[in-house]
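K.L.:
Sequence and computational prediction follow.
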Amino acid sequence: MERTYTALAVAGVVLATVLIGGLGLRISRTTSDFYVASRTVKPGLNAAAISGEYLSAASFLGIAGLVLLQGPEMLWYPVGYTAGYLVLLVLVAAPLRRSGAYTLSDFAEARLESAAVRRLASLFVVGIGWLYLLPQLQGAGLTLAILTGAPDWLGSVVVAVVVTGAVAAGGMRSITFVQAFQYGLKLTALLVPALFLATAWAADDAPRARFDAPAVLREHTEVRIDDTVRVDVGAPLTLTATGTVDGEVRRGEPFTLEEGPHRIEAGTVLGLPKGAPVPERAATDADPAGWSQPLAGGREGPQLYATYGLILATFLGTMGLPHVAVRFYTSPHGRAARRTTLVVLGLIGAFYLLPPVYGALGRVYTPELALTGEADAAVLVLPERVIGGAGGELLGALLAAGAFAAFLSTASGLTMSVAGVITQDVLPPRGVRYFRLATVLAMTVPLVLSVVSRDVPVADAVGLAFAVSASSFCPLLVLGIWWRRLTPPGAAAGLVAGGGSALTAVMATRAGLPPQGWPHTLMAWPAVWSVPLGFLTMVGVSLATARHVPAGAGAILARLHLPEDLAARTGHQGPGRTGGPGPGPTGHRGREGAGR
Amino acid sequence: MSGTGAVALAATGGVLLLALGFVLGASAARRGTRRDLDLGTPVERATFHTLHTASLAAPPLRAGLTEDTARKAVRRLRSLLGTEALCLTDRGRVLAWDGPGDDHHREQALARVREVLDSGRGQSAHCRCEEVDCPLRWAVVAPLTGEDGVLGALVAYGSRESAVLARAATEVARWVSVQLELAELDRSRTRLIEAEIRALRAQISPHFIFNSLAAIASFVRTDPERARELLLEFADFTRYSFRRHGEFTHLADELRSIEQYLALAGARFGDRLTVTLQVAPEVLPVALPFLCLQPLVENAVKHGLEDSRERCRVTISAQDAGAEAVVVIEDDGVGMDPAVLRSLLAGERTASSGIGLLNVDDRLRQVYGDAYGLVVETAVGAGMKITVRIPKYRAGVHSSPGPGALA
């Protein structure tokens, strides 16, 4: 593969990010230009920024990879990622903005007037941030390894260094523009190659992707197995191999694999003839491909359970993602926050139409990726495979650029929010120097974990972060906004019971502790039991500690739910204020009315 | 498998962290009520107990003498005195009653209180209660005094005549009086701060209003359209500066007011004043104390054009820095001797231009804590750069936006 284009494209994205972020589209004006102050971030731009930050490696690479592996059941992922914003729009967006909170910890403090709950919430913000950063870094490593043959850890380190440097140097000052640019880049990077690929596919007599039977190779294919795998062969299969298969050393001569399980050692190169079905990777608990297995191919038992787990986690988890919550602060008021969310729904809805296309095309043209466990790379290798030549390389480079935009934008957003929380609630308050230290800390932990821990499909790894978020912050936000009788002890207990249990389950799963079968399913998709647990604990303990309802709960709820201008007026006329009637509600309108 | 091991380690670490945080939080919550293990002699213990009860009763009273605060304090005060019943009144009615006898002693108590209010001296007397099993036999009435004379009274009931009770009740009443005086002190301090803000508003007005109107007047014939615009700026500016409600505002509103100020100053100084504004739109919704940037800009303009210097450039930037917004106001004017500035900010000397700085510094520190005071970089002849850091969120800081704010 021609690496120059790719390297150039990736370098270009990194450079553009740093330039726009650091030097930026500064709004620099002299006084002849009035009303800079009224130029708050418009909902459209803010929505593009939120989408840019939100569409991570899981969306850009992961969904296509999962569709390739498991078929259309995996479409629950994009549906869930999008529908999360619907829940956010209806229940949380405007009140969260009106609370004046910047981070989720701020919200906990504002609503419950308790420093202890704030600290607890901060722990979860950091935990969720790290869980979410981990797959971003691993995805970057995978991408760079596939595209340029660099070692696995290099991509992670590149992203980590760029993001840490940019954030620590204060280079993300015009972060709204950077993220909006990244959204545009990601959409373009998926859309343009998709059009070319679709054209090529149509010119190829539009072969159908089959998900109900093993994928069939369209031409003779050499597959290099990097990790030892166990495969299930459905029917006798004749192939060549250089390496070790079932303990026997092969040197490129043709032989036949009988029906049943086989073991292929790392480093083996298989030569599969045209028309051969791709052997299916057998699911074992130490095998990353086994992850979403329960989700596919069934509508009962563990499959159904896992689907519901995914739906609950993604629908309810979006609101608790640290980097999503802070972006709402940029909206000038609650109404704008709601409008922003609506536009976000449209933008990411449009984006998510594309990854499944890549997944289906990948099933047709690159089915051997299912065997090597690199299904996440389907998006990246398709142009070269389908179109080839310089055109394919250029499109591949564009996709690589988009993928890196995905890693950079999500990782920088997460790092900023995690570092912000670490500075505020963990380190002593001493300003900028500590923010830099916190940035390094925020990035180092997931970087080390990404290098030492095993790969899990990125979409699944992101799903874990969603599950923890849905079990901890969803109850806190929903009950905090809509239930007057929530108490600090109740909130703390709910966070620990719901979020803590989900976190434990997720950590255990990532460590490979639970045995295969139901225990694994229960632990890998904790949301089904941990979200209700969080809600019930919060409600139960709150009712039991009714004396601790914060004194200002009524006033805060009024502020969360009343539109700002109305709240200002009622507050203005409230008791204890001195002075006569202030300027009428039409105060500033007078100016426009004067014919300006 | 080393990968798995590391993840397992990380998982354990995470769980441990969680547990640690929980324990820390719980112990922090418990710290307030934990008793010391070395209990001391009985006398010491009694002293500690008394002091502790007294300190518990103090916070509600620090908010003044109302029905609500009296209700919260009266139970603690009764356990302090160890009497059958205790009642707190203001000048006209019973605010709170702890213990039995509320039903039939109320009127009688009020009658006694009225006598005490008139004389200003405490008294004690038998209750002459008709009910046989009523434990209230003897009453001590002690006046509660504030700065403006007697505010109310404390009535303690005992089951028998006791000089100790009379003495103790008088002492407790005196202690309560001290708390009430402190409450008045708190209130007057708040009033003082409000007065300072008002003074700040008043301070920007006379000169500025005069100069602005004169500058506008000079345009009326030559450029009526501009004069009209400037008058509208002037109207908006004064409306914002003189608004009476709300201690906090949005950065957007404050910047808008600064722009209006600069437009008016520009009309007066013409080409001599150049202004650059760099504002990151992300920080516009940040809430901050009302009128805490405008005095700094005014200061910069004043410094920049002092000593009849020909030209002055003022740069104002507001940037996003994670959980904070950073506002920098810079001028290239005459600057100031750092030692002079230090003594100005310490309140040791007064100068016309220093009051604004001092006031802003005080208010920022009061709202956000000492870590968020003004940072001023200056030297004689080297201009002045003032940096203000504003946290995006701080409990209790939320603006009540003016009409049309952030439209």
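P.N.:
Alright, I've got the coordinates.

K.L.:
Any residues of the stretch 251-400 of chain A in contact with chain B? List them.
P.N.:
Taking Cβ under 8 Å from any Cβ of the partner chain as the contact definition, the stretch 251-400 of chain A meets chain B at A:286, A:329-333. C-beta coordinates here come from the backbone N, C-alpha and C atoms, glycine included.

K.L.:
Which of these fall within helices?
P.N.:
Using DSSP state H, no member of those falls within helices.

K.L.:
all strands of chain A, in order?
P.N.:
Secondary structure of chain A (DSSP state E): strands at A:28-30, A:221-224, A:229-233, A:237-245, A:248-257, A:260-264, A:269-272, A:280-281.

K.L.:
what's the closest of those to residue A:58?
P.N.:
Among these, strand A:280-281 comes nearest to residue A:58, with 20.5 Å by Cβ to Cβ.

K.L.:
neighbouring strands for that closest one, and are they parallel or not?
P.N.:
strand A:229-233 (antiparallel) (DSSP bridges).

K.L.:
how big is the angle separating the strand it pairs with from strand A:248-257?
P.N.:
Calculated by axes from the mean of the first three to the mean of the last three Cα atoms, to 10 degrees, strand A:229-233 forms an angle of 20 degrees with strand A:248-257.

K.L.:
For residue A:165, state which of the residues of the stretch 251-400 of chain A next to chain B is nearest.
P.N.:
Of those, the one sitting nearest to residue A:165 (Cβ to Cβ) turns out to be residue A:330, at 23.5 Å.

K.L.:
show me the contacts for the closest one.
P.N.:
A:40-41, A:46, A:49, A:176, B:281-282, B:285 (Cβ atoms under 8 Å, 6 or more residues apart in numbering or on different chains).

K.L.:
Out of these, which one has the weakest pLDDT?
P.N.:
pLDDT across these is lowest for residue A:40, at 74.

K.L.:
Quick check, that residue in contact with residue B:252.
P.N.:
Yes: counting by Cβ atoms under 8 Å, residue A:40 touches residue B:252, with 6.4 Å between them.

K.L.:
Give the buried residues for stretch B:44-61.
P.N.:
Residues of stretch B:44-61 classed as buried: B:53-54, B:56-58, B:60-61 (neighbour count, 16 or more other Cβ atoms under 10 Å in any protein chain shown).

K.L.:
For the stretch 251-400 of chain B, list the residues in contact with chain A, please.
P.N.:
Counting by Cβ under 8 Å from any Cβ, the residues of the stretch 251-400 of chain B lying close to chain A are B:251-253, B:255-256, B:259, B:262-263, B:266, B:274-282, B:284-285, B:287, B:319-323, B:369, B:371, B:389, B:392-393, B:395, B:397-398, B:400.

K.L.:
among the residues you listed, which are in helices?
P.N.:
Counting by DSSP H, these place B:251-253, B:255-256, B:259, B:262-263, B:266 in helices.

K.L.:
the longest helix in chain B is where?
P.N.:
Max-length helix for chain B by DSSP H is helix B:163-222.

K.L.:
Please work out the average pLDDT along that helix.
P.N.:
79.

K.L.:
by contact count, what packs against it?
P.N.:
helix B:42-61, helix B:67-81, strand B:138-146, strand B:149-158, helix B:224-241, helix B:251-269, helix B:294-304, helix B:354-368 (3 or more Cβ pairs under 8 Å, 6 or more residues apart in numbering or on different chains; DSSP states H and E).

K.L.:
Which stretch among those approaches residue A:88 most closely?
P.N.:
Nearest to residue A:88, of all the helices and strands packed on helix B:163-222, is helix B:251-269, at 24.8 Å by Cβ to Cβ.

K.L.:
And the residue of the stretch 401-550 of chain A found nearest chain B, what's its pLDDT?
P.N.:
Residue nearest to chain B within the stretch 401-550 of chain A: residue A:507 (3.3 Å; Cβ to the nearest Cβ). Note on residue A:507: pLDDT of 83.

K.L.:
do the same with residue A:588
P.N.:
Per-residue confidence at residue A:588 stands at 39 (pLDDT).

K.L.:
And the one 3 residues further on, by the same measure?
P.N.:
According to the prediction, residue A:591 has pLDDT 38.

K.L.:
Format the strands of chain A as CSV; extra columns: mean pLDDT.
P.N.:
Below are the strands of chain A laid out as CSV (pLDDT from 0 to 100):
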stretch, mean pLDDT
strand A:28-30, 44
strand A:221-224, 78
strand A:229-233, 76
strand A:237-245, 80
strand A:248-257, 79
strand A:260-264, 80
strand A:269-272, 81
strand A:280-281, 70
